[in-house]
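> test case, fold it:
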Amino acid sequence: MDMQKSTLSRVEETIRSSYRQIFAIDEPAVEMPQNQVNLFAERALQQHMMVGVTFRNQEHSVVGRFTHQLNASTYLLHDQAKNLDQLVPLAQCTFIQRLD
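Model (predicted):
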């Protein structure tokens, strides 16, 4: 049973890694200016775009769609991989990438 969980875990990690490589989600090493992050988040919400959001001090991007704007600098992002919603303070975002 433990071997099946271990194998399944490795397969899942391989699929996630491949997905990130195919869509170049973890590629950006640069930071967008804050006003550009704000503009991209606003447009992604209005146009229901799939985006990859990179946060400060986090190596992987979160993939999903913005569903609500809670205030001028905080959005709600529906994470596609985990199927849950996440608060996104734009001050903690370094990069927003359109994926669709």
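> from here on, just use CA atoms for contacts and neighbour counts.
Will do.
> which residues sit in contact with the residue nearest the centre of the chain?
With distances taken as Cα atoms, centre = their mean, the residue of the chain nearest its centroid is Val62 (2.1 Å). Taking Cα atoms under 8 Å, 6 or more residues apart in numbering as the contact definition, Val62 lies against Gly52, Val53, Thr54, Asp79.
> what's the neighbour count on the closest residue to the second one other than its chain neighbours?
In space, and not counting its chain neighbours, Val53 is closest to Ile96: 4.6 Å by Cα to Cα, 6 or more residues apart in numbering. Burial of Ile96 is recorded as 26 neighbouring residues (other Cα atoms under 10 Å).
> in the protein, which helix or strand is least confident?
Within the chain, no helix or strand scores below helix 2-22, which has a mean of 72 by mean pLDDT, DSSP states H and E.
> separation between the residue nearest to the centre of the chain and Arg16?
For Val62, the distance to Arg16 (Cα to Cα, to the nearest Å) stands at 12 Å.
> buried sites along the lengthiest strand in the chain?
In the chain, with assignment by DSSP state E, the single longest strand is strand 62-71. Buried residues in strand 62-71, counted by 16 or more other Cα atoms under 10 Å: Val62, Val63, Gly64, Arg65, Phe66, Thr67, Gln69.
> continuing past that strand, what's the next helix or strand?
Next helix or strand after strand 62-71 toward the C-terminus (DSSP states H and E): strand 74-79.
> could you give the mean pLDDT of that next one?
For strand 74-79, mean pLDDT rounds to 96.
> what strands flank it, and is each parallel or antiparallel?
strand 62-71 (antiparallel), strand 84-89 (antiparallel) (DSSP bridges).
> any chance of JSON lines for these, columns distance to His48?
Formatted as JSON lines, the strands paired with strand 74-79 follow (distance: least, Cα to Cα, whole Å):
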{"stretch": "strand 62-71", "distance to His48": "6"}
{"stretch": "strand 84-89", "distance to His48": "15"}
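> take those strands and lay them out in CSV including mean pLDDT and distance to Val30.
Listed next are the strands paired with strand 74-79 as CSV, based on pLDDT from 0 to 100; distance: least, Cα to Cα, whole Å:
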stretch, mean pLDDT, distance to Val30
strand 62-71, 95, 16
strand 84-89, 94, 19
